[in-house]
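>>> Predicted model follows, preceded by the sequence.
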There are 2 protein chains.
Amino acid sequence: MATIYDVSNLARVSLATVSRVINDTGKVSDKTRQKVHEAMEQLGYRPNTIAQSLASNRSNSVGVLVSQLDGPFYGPMMREIESVLRAANKHVIIAAGHSDAIQEQEAVEFLVSRGCDALIVDAEMLANEYLVALGKGKTPVVFINRHVEGIDDRCVHMDNLQGGYLASRHVLERGHRQVGYISGPLFKQDARERLAGYIQALAEFGVPFDPDFFHEGDFLEESGADGMAKLLQSGKPLTAVVCANDHMASGAIALCLERGMRVPEDMSFVGFDNIPFPKYISPKLTTVSNPIQAMGKMAANWVLQQVYDAKDIPFAHRFAPELIVRESVTDLNV
Amino acid sequence: MATIYDVSNLARVSLATVSRVINDTGKVSDKTRQKVHEAMEQLGYRPNTIAQSLASNRSNSVGVLVSQLDGPFYGPMMREIESVLRAANKHVIIAAGHSDAIQEQEAVEFLVSRGCDALIVDAEMLANEYLVALGKGKTPVVFINRHVEGIDDRCVHMDNLQGGYLASRHVLERGHRQVGYISGPLFKQDARERLAGYIQALAEFGVPFDPDFFHEGDFLEESGADGMAKLLQSGKPLTAVVCANDHMASGAIALCLERGMRVPEDMSFVGFDNIPFPKYISPKLTTVSNPIQAMGKMAANWVLQQVYDAKDIPFAHRFAPELIVRESVTDLNV
DNA sequence: CTGTTAGCGCTTTCAG
DNA sequence: CTGAAAGCGCTAACAG
């Protein structure tokens, strides 16, 4: 492999000059630049990025921590991040936290110790204090999918409350008054916020919150079924259920269908996240979009801008969800 | 940040000795080792991996090229790869090819030029010749999900023919004789092999291949619907369709349901890949498992073994698919 | 067992 | 505009 030294020899210029044309830094006469380019071409020269990193104290790599690599959620986000960063010729180094605080912390430390220039972190389990400390550390970090007080400017997140509100208002507008809610685990902020949106919508329509219509799940499909079973057990005349994510909605619907109920005729559902389901499932789920891809892109752009001095890109911290009306809510007004 | 030099100072030993205890290479007396460890601890020393890489000519990073980062397919594969490699303290650098030959090639070159110690490549569009050349290059490469003649020993793949055969035999065994096939694009090897399995099964049951019962799709959901429409158009009494992947099966089933047919009563289906569908879809799809996770793990282990001198791990090149019988095939024998 | 000494390939002052 | 030279932090012979 040719080195910068070979190039400088062939082009009859100094190392420094070659380095200058590689990095397009400082002034180099067109003629010299030309010579250097020719020499590089001829030798098939490729800068050794490791050496560059060592000398410049920059790794040109960005660490990304997600909780899961699989699932319909993080893939699209990763896709955007990778796409933006690679276009800028940066590495994307991934690590998975597997929804476990210890693994998440290890992953963060791994990425930091690897000399990542910046981190994009989707921390599901790590405590706020840890994140604040991390945010104050030397390595720039942007948090995705989470809003942490005190480091607001480094958070890219969606308006979960608004999402929960939109979902709930939709069923209320369609005349439902016995509206259940299957929540995510309440130690998670997004779950709390979505629930707050539900409560806000209820209040707006003058519907009291009924504990019998509430279940705290864990965002997994099965807990949707469990929650549904619990809501049904109350014996009260439930007509609709808002679920804090599509997975739980899926589980809840499955349970209803199993018990011979029709959806949405007997029970309406709204999900959350708008994960891609196969087209032939029926009914098609009304849900709330989660702009996860836009957030991924934004986080990557933030890194480009903060760390790699990229041109100005308007930065948005908070992304708005949108209600996606499909077929899983029946209209009681007609 | 403390350097190895600080540690050697504090511990009153030489740089070399510190390096030895870090890498656990060469002989160091317990007492010295102890001193060094204490010094490292005290300074919170973390080796600079960039410098390590430069000096040792190893980046400790493995490049992974997948065609898509999203979708139900590559996530689980990435998960295994990341998990194995991080446990060995190696970087995983990802790049996406987006099912495009040029992007795939660029991604490969990006990863190579980044000094990855090895590559795990899932190349969808790159030509065999390119892969062979790549395999002969300096950077060790393992190919996943593809069998390339001439570099068999570097390929981790599944037995697609057997998979196609299992799927087809299943419907034949259940008495179907008018069996359609919706194929993947035939320029792809896996699509050809799966089709060959179908043809083999037909032959075994003495059923002639009928071009009217064949459609070449592109592995996407929509082409499943298109293909189904075409098969139906022949007017012949089709009773079952084998699809080269679950996505197309999904599209095909959707079309049948839309047209008022019942599945599996009026039309049976077998898919391929066993991607996770929500539980409440009905009927549950009979399909063929794709041991993509096992293959990911195997590829990662191969890298550990070949490049990082890991302990011996039995290596399997070819993984067997399994038929997963669920509810989408009706039994005509009863 | 331990220390000395060259580099790895590149960036970056500092002069000229 | 260009060159010389000093490292970046670490590994790996080679002596001892």
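It's in.
>>> For A:N57, see how far away the closest residue to DNA strand C within the stretch 201-334 of chain A is.
Here the stretch 201-334 of chain A gets closest to DNA strand C at one residue, A:D309, 12.0 Å apart by Cβ to the nearest atom of the strand. Every C-beta, even on glycine, is put in place using the N, C-alpha and C of the backbone. Using Cβ to Cβ, to the nearest Å, we find A:D309 at a distance of 15 Å from A:N57.
>>> Please identify which of the two sits among more neighbours.
A side-by-side neighbour count of A:D309 and A:N57, using other Cβ atoms under 10 Å in any protein chain shown, places A:N57 first with 11 against 7.
>>> Distance check, the more buried one against DNA strand D.
Between A:N57 and DNA strand D the computed distance is 7 Å (Cβ to the nearest atom of the strand, to the nearest Å).
>>> in the stretch 51-200 of chain A, which spans are helices?
Counting by DSSP state H, counting those that start in this stretch, the stretch 51-200 of chain A has these helices, from start to end: A:71-87, A:101-113, A:128-136, A:160-173, A:189-204.
>>> May I see those organised as TSV, with mean pLDDT and distance to DNA strand D added?
Putting the helices of the stretch 51-200 of chain A into TSV (pLDDT from 0 to 100; distance: least, Cβ to the nearest atom of the strand, whole Å) gives the following:
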stretch	mean pLDDT	distance to DNA strand D
helix A:71-87	87	24
helix A:101-113	87	10
helix A:128-136	92	21
helix A:160-173	98	42
helix A:189-204	97	38
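>>> Quick one, which of the ones you listed gets closest to chain B.
Closest to chain B of the helices of the stretch 51-200 of chain A, according to Cβ to the nearest Cβ: helix A:71-87, at 3.2 Å.
>>> What residues of that closest one count as buried?
Neighbour counts over helix A:71-87 (16 or more other Cβ atoms under 10 Å in any protein chain shown) mark A:71-86 as buried.
>>> returning to that earlier point: which SS state does the residue of the stretch 201-334 of chain A closest to DNA strand C fall under?
Classification of A:D309 by DSSP: H, G, I helix; E, B strand; the rest coil places it in coil.
>>> and it, what are its phi and psi?
Dihedral pair for A:D309: phi 50, psi 40, per degrees, to the nearest 10.
>>> ok, it - contacts?
Not one residue lies near A:D309 by Cβ atoms under 8 Å, 6 or more residues apart in numbering or on different chains.
>>> Spatially nearest residue to A:Y165 (excluding sequence neighbours)?
Nearest non-adjacent residue to A:Y165, counting by Cβ to Cβ, 6 or more residues apart in numbering or on different chains: A:G197, 3.5 Å away.
>>> So the one you found sits against A:M158, correct?
No. A:G197 lies out of contact with A:M158 (Cβ atoms under 8 Å); the separation is 11.5 Å.
>>> May I ask which helix or strand encompasses A:T287?
Using DSSP states H and E, A:T287 sits within strand A:287-288.
>>> From the chain's centre, how far out is that strand? Work that out for me.
Counting by Cα atoms, centre = their mean, to the nearest Å, strand A:287-288 is centred 16 Å from the centre of its parent chain.
>>> With stretch A:145-158 instead?
That offset, for stretch A:145-158, works out to 12 Å (Cα atoms, centre = their mean).
>>> Which positions in that stretch come out as buried?
By neighbour count on 16+ other Cβ under 10 Å, the buried set for stretch A:145-158 is A:N145, A:R146, A:H147, A:V148, A:I151, A:R154, A:C155, A:V156, A:H157, A:M158.
>>> Surely the third one is in contact with A:Q189?
Yes. With contact defined as Cβ under 8 Å, A:H147 reaches A:Q189; the gap is 6.8 Å.
>>> coming back round to it: restrict the buried residues of stretch A:145-158 to contacts with chain B.
Applying Cβ under 8 Å from any Cβ of the partner chain to those, one finds that nothing falls near chain B.
>>> residue ranges with poor pLDDT in the stretch 201-334 of chain A?
Under the criterion pLDDT under 70, the flagged ranges of the stretch 201-334 of chain A are A:278-280.
>>> Find the closest residue to DNA strand D in it.
For the stretch 201-334 of chain A, Cβ to the nearest atom of the strand, closest residue to DNA strand D: A:V307, 18.2 Å.
>>> Next, the contact list for that residue, please.
Applying Cβ under 8 Å, 6+ apart, we find A:V307 in contact with A:V62, A:D117, A:A118, A:P140.
>>> now it: how far from B:A51?
Taking Cβ to Cβ as the measure, A:V307 falls 20 Å from B:A51.
>>> Which single residue in the stretch 151-300 of chain A comes nearest to DNA strand D?
Using Cβ to the nearest atom of the strand, the closest approach of the stretch 151-300 of chain A to DNA strand D is made by A:R154 at 25.6 Å.
>>> Tell me who's in contact with that residue.
Going by Cβ under 8 Å, 6+ apart, A:R154 touches A:G135, A:P140, A:V141, A:V142, A:F143, A:V148.
>>> And A:R169, by the same measure?
When contacts are taken as Cβ under 8 Å, 6+ apart, A:R169 is in contact with A:A201, A:E204, A:F205.
>>> okay, now the second one: neighbour count?
For A:E204, the number of neighbouring residues by other Cβ under 10 Å comes to 12.
>>> Leaving out sequence neighbours, find the closest residue to it.
A:R169 (7.2 Å).
>>> so how far is A:V207 from that neighbour?
Between A:R169 and A:V207 the distance is 11 Å, computed by Cβ to Cβ.
>>> Ok, A:A55 next?
Using Cβ to Cβ, A:A55 is found at 65 Å from A:V207.
>>> So between those two, which is more surrounded?
A:V207 (17 against 12).
>>> Quick check: that one is in a helix.
No. Using three-state DSSP, the assignment for A:V207 is coil, not a helix.
>>> isn't it right up against A:V179?
Yes. Counting by Cβ under 8 Å, A:V179 is a contact partner of A:V207 at 7.0 Å.
>>> Spit out the residues that contact those two alike.
Residues touching both A:V207 and A:V179 (Cβ under 8 Å, 6+ apart): A:L172.
>>> In contact with A:E82: list those residues for me.
Contact analysis of A:E82 by Cβ under 8 Å, 6+ apart lists A:V92, B:L69, B:I94, B:A95, B:A96.
>>> of these, closest to B:L15?
Nearest to B:L15 out of the contacts of A:E82 is A:V92 (Cβ to Cβ; 33.2 Å).
>>> any idea how chain A splits into domains?
For chain A, the structural domains run A:1-41, A:61-156+A:293-319, A:160-290, going by automatic domain parsing.
>>> among those domains, which is nearest B:D30?
domain A:61-156+A:293-319 (26.2 Å).
>>> what would the contacts of A:R169 look like in JSON lines with distance to A:R318?
Formatted as JSON lines, these follow (distance: Cβ to Cβ, whole Å):
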{"residue": "A:A201", "distance to A:R318": "19"}
{"residue": "A:E204", "distance to A:R318": "21"}
{"residue": "A:F205", "distance to A:R318": "25"}
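>>> Nearest to A:Q293 among the residues you listed?
Of the contacts of A:R169, the one sitting nearest to A:Q293 (Cβ to Cβ) turns out to be A:A201, at 26.4 Å.
>>> My understanding was that that closest one contacts A:E173; is that so?
No. Applying Cβ under 8 Å, one finds A:A201 not in contact with A:E173, separated by 9.2 Å.
>>> Comparing the two, which shows the higher neighbour count?
Using other Cβ under 10 Å as the criterion, A:A201 and A:E173 rank with A:A201 on top: 22 against 13.
>>> Now that one: closest residue in space that isn't a chain neighbour?
Leaving aside its sequence neighbours, A:A201 sits nearest to A:S168 (Cβ to Cβ, 6+ apart; 3.5 Å).
>>> From DNA strand C, how far out is that neighbour?
Taking Cβ to the nearest atom of the strand as the measure, A:S168 falls 53 Å from DNA strand C.
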